[in-house]
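Student: With the input below, show me the fold.
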Amino acid sequence: MTDTEGHFEEQGLRSGAIGLGGDLVAAVVNVAPSSSVAFTLALLVGFSGQASPLAVLLCGLGMVFCALGYARLNRWRASAGAAYLWVGAAINPVIGVGTGLLSILTCIVSNTANVTLAGSYALYVIFNTHSASSLFVWLTAGAIVGLMLWVAITGLKLSVRVQLVLMAIEYSVIVSFVILALIHEASGAGGATLPSLHDFRISTSFGGFKGLAESAVIAAFLYGSWETPSSLGEESTNSKFNPGRAMILGTVFLTVWYTFLIAVFQGISGRAQVLAHGSDILAYAGTVLAPGAWSRLLPFAVLMAVVGTTQMQMIQPSRIAYSLSRDELLPKFLKKIHPTHRTPWAALIVLAAIPLALLIPYLASSGLHTAINDLVGATGMLYLFMYFLVAVSSVWFYRSQLTRSFNEFLIGGVLPLVGGLFLLVLFIYGLTTQTKAIAVVSAVGIVLVYVLAVVIKRVRPNSPFFKAMDELRNSPEDVIFTPDGELL
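Tutor: Residues are numbered from 1 along each chain as shown. Next comes the predicted model:
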């Protein structure tokens, strides 16, 4: 495949901009642990009660297994396009393009949730009010997005430095409140309970096995976007290994961290209080654990997480859009690179503008507010399908290599396959248990991106991507694999 590699080599992005640490920061920050817990804790407790940590742990293990598949495909080819290149090579080029579009769609939808909360959370932290005018909320959100856009255009190095500052603030606050929460729970005040091994029993689930499964579907939202380093491969040092290592380390860390956070904060009060406060549960926890203005530190940590992931969810899809444009599959202007910073500035601006545009109808109309909430609610479902597809693609791509050793069979075959199929089961189960609106939005979104991929194939049949995929599929196996089974 040597003669086709030029289609996917670095063509403008700054190579070696970040190392393993930067990739790991991207994997963790884009998931935004604090804000994700705030959004989902009440839902998890509503479905499975005190057994929520078990659901989070099981979903996390599925993500770790899928990350093994991502890492192996990254060893074959580090690319800004990542998933669309890998799935295209493993299964079918059109399905690959659809997967790239799905990744962009998922980031846009997820970032819409971030932008809708960024303005209101910032105003609450600063002015202690939830009643600011819609215009003021939009302007505040716009200022946050504009600042993060400027940082993203300036380059990955600055982006990672900013993210490290945001992480330091977020985690310092969260760890402090975890300690306060454990002290509070030890007292048993207000129905508070300490984490327990009982939290990891199916029998503890409020809704039994059904409730546990429904919580596992919701938990997918917690983990969404851990694959961010896959799209930064062209800008990473040791590009065929570091992004994969970051994804594996990131999912392992997030599984442990999320399980711990859910176990701690679900016991802050009785189940009724947790459910009553919904996505404001961490703001409520702040008032329980700290007096006066100090209580706003916990929402402040959530704000830091929202701001950080707002930036990363512009950066990740901008690389995919840039790569698709470079391969003549999306409009040409999306591949424009900043001459100094070597970032895809045009794609970044588009991906910053869309969530802000969607925020206008969200704030203006209660009906559209509900529609956008349904769109955001489908995010976890979209992630489940995408992770399943890439994990299974890795197994299929490596199928001829799996008998070379037990490690190849286990790490390259069994674990990614188990992880992918587990997430597929959760996706299918989610279609039957989520609200009708969320199930329909999820299904329509997936169908839409793959139909659009078919249209792109018809319009651009001679693009460099489709030509390279044809050459790859006609190449003998020894062109792709080295004699010891490692990917080139």
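Student: can you pull out the helices in the stretch 251-400 of the chain?
Tutor: When secondary structure is read from DSSP state H, counting those that start in this stretch, the stretch 251-400 of the chain shows helices at 271-277, 281-289, 297-326, 345-364, 366-377, 379-397.
Student: do the stretch 51-200 of the chain as well
Tutor: Secondary structure of the stretch 51-200 of the chain by DSSP H, counting those that start in this stretch: the helices cover 52-76, 83-90, 93-127, 134-154, 156-187.
Student: Pipe the helices of the stretch 251-400 of the chain into CSV and attach mean neighbour count, mean pLDDT and distance to residue 240 per row.
Tutor: (Glycine included, C-beta is placed from N, CA and C.) As requested, those are exported to CSV (neighbours: other C-beta atoms under 10 Å; pLDDT from 0 to 100; distance: least, C-beta to C-beta, whole Å):
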stretch, mean neighbour count, mean pLDDT, distance to residue 240
helix 271-277, 16, 79, 44
helix 281-289, 21, 81, 39
helix 297-326, 27, 92, 16
helix 345-364, 20, 91, 24
helix 366-377, 16, 66, 35
helix 379-397, 25, 95, 14
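Student: Okay, now the unreliable bits of the chain?
Tutor: Confidence mapping of the chain against pLDDT under 70 gives the ranges 1-11, 130, 278-279, 366-373, 376, 476-488.
Student: Export the helices of the stretch 251-400 of the chain as TSV, with columns for distance to residue 208.
Tutor: Supplementary listing: the helices of the stretch 251-400 of the chain in TSV, determined by distance: least, C-beta to C-beta, whole Å:
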stretch	distance to residue 208
helix 271-277	16
helix 281-289	23
helix 297-326	31
helix 345-364	36
helix 366-377	23
helix 379-397	21
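Student: Please name whichever of the ones you listed is nearest to residue 467.
Tutor: helix 297-326 (13.5 Å; C-beta to C-beta).
Student: same for that closest one, what does it pack against?
Tutor: Contact analysis of helix 297-326 by 3 or more C-beta pairs under 8 Å, 6 or more residues apart in numbering; DSSP states H and E lists helix 20-29, helix 33-48, helix 83-90, helix 93-127, helix 134-154, helix 156-187, helix 281-289, helix 345-364 as its packing neighbours.
Student: got the angle between it and helix 156-187?
Tutor: Orientation of helix 297-326 against helix 156-187 (axes from the mean of the first three to the mean of the last three C-alpha atoms, to 10 degrees) gives an angle of 140 degrees.
Student: for helix 297-326, the distance to its chain's centre please.
Tutor: How far helix 297-326 lies from its chain's middle: 9 Å, per C-alpha atoms, centre = their mean, to the nearest Å.
Student: how far off helix 20-29 does it point, in degrees?
Tutor: Relative orientation of helix 297-326 and helix 20-29, computed by the same axes, to 10 degrees: 110 degrees.
Student: Could you save the helices and strands packed on helix 297-326 as TSV and add columns showing distance to residue 309?
Tutor: Converted to TSV, the helices and strands packed on helix 297-326 look like this (distance: least, C-beta to C-beta, whole Å):
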stretch	distance to residue 309
helix 20-29	6
helix 33-48	7
helix 83-90	19
helix 93-127	6
helix 134-154	10
helix 156-187	9
helix 281-289	15
helix 345-364	12
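Student: So which of the ones you listed is nearest residue 411?
Tutor: Comparing the helices and strands packed on helix 297-326 under C-beta to C-beta, the one sitting nearest is helix 83-90, at 16.8 Å.
Student: Near the nearest residue to residue 261 once chain neighbours are set aside, how many other residues are there?
Tutor: Across the structure, with C-beta to C-beta, 6 or more residues apart in numbering as the measure, the residue nearest residue 261 apart from its sequence neighbours is residue 37 (5.2 Å). Using other C-beta atoms under 10 Å, residue 37 has 24 neighbouring residues.
Student: from now on call the first residue 3
Tutor: Done: numbering now begins at 3, and the last item shifts to residue 39.
Student: Wait, residue 39 touches residue 260, no?
Tutor: Yes. Counting by C-beta atoms under 8 Å, a contact exists between residue 39 and residue 260, whose distance comes to 7.2 Å.
Student: Now for these two: what residues contact both?
Tutor: residue 224 (C-beta atoms under 8 Å, 6 or more residues apart in numbering).
Student: Which element, helix or strand, includes residue 240?
Tutor: In this structure, residue 240 is located outside every helix and strand according to DSSP states H and E.
Student: give the contact list for it.
Tutor: Shown here is residue 240, whose contacts under the criterion C-beta under 8 Å, 6+ apart are 21, 22.
Student: and with 6 Å instead?
Tutor: Shown in contact with residue 240 (C-beta atoms under 6 Å, 6 or more residues apart in numbering): no residues.
Student: measure the residue lying farthest from the centre of the chain to residue 183 for me?
Tutor: For the chain, the largest distance from the centre (C-alpha atoms, centre = their mean) belongs to residue 189, which lies 36.4 Å off. If you measure residue 189 against residue 183 using C-beta to C-beta, to the nearest Å, the figure is 11 Å.
Student: Please apply the same query to residue 37.
Tutor: To residue 183, residue 37 is 17 Å away according to C-beta to C-beta.
Student: Pick out whichever of the two has more residues nearby.
Tutor: Between residue 37 and residue 183, counting by other C-beta under 10 Å, residue 37 is the more crowded of the two (28 against 23).
Student: Please list all residues in contact with that one.
Tutor: Applying C-beta under 6 Å, 6+ apart, the residues near residue 37 are 304, 307, 308.
Student: Tell me the one among those residues nearest to residue 88.
Tutor: Closest approach to residue 88 among those (C-beta to C-beta): residue 307, at 28.9 Å.
Student: What separation is there between the closest one and residue 249?
Tutor: Distance from residue 307 to residue 249, counting by C-beta to C-beta: 19 Å.
Student: Same question for residue 163.
Tutor: 21 Å.
Student: Kindly report the same for residue 152.
Tutor: Distance of residue 152 to residue 249, given as C-beta to C-beta: 27 Å.
Student: phi, psi of residue 238?
Tutor: According to degrees, to the nearest 10, the main-chain angles of residue 238 amount to phi -100, psi 150.
Student: these two touch, right, it and residue 246?
Tutor: No. Assessed by C-beta atoms under 6 Å, residue 238 is found out of contact with residue 246, at 10.0 Å.
Student: and residue 220, how many neighbours?
Tutor: Look at residue 220: counted by other C-beta under 10 Å, it has 27 neighbours.
Student: wait, what's in contact with it?
Tutor: For residue 220, the contact set (C-beta under 6 Å, 6+ apart) comprises 42, 45, 46.
Student: With adjacent residues omitted, what lies nearest to it?
Tutor: Residue 220's closest residue in space is residue 45 (C-beta to C-beta, 6+ apart), at 4.9 Å.
Student: got it, and residue 395?
Tutor: Of all residues apart from its sequence neighbours, residue 92 sits closest to residue 395 (C-beta to C-beta, 6+ apart), at 3.9 Å.
Student: now the one you found: how far from residue 310?
Tutor: The spacing between residue 92 and residue 310, counted by C-beta to C-beta, is 32 Å.
Student: Could you measure from residue 86 over to residue 329?
Tutor: Residue 86 sits at a distance of 9 Å from residue 329 (criterion: C-beta to C-beta).
Student: That'll do, ta.
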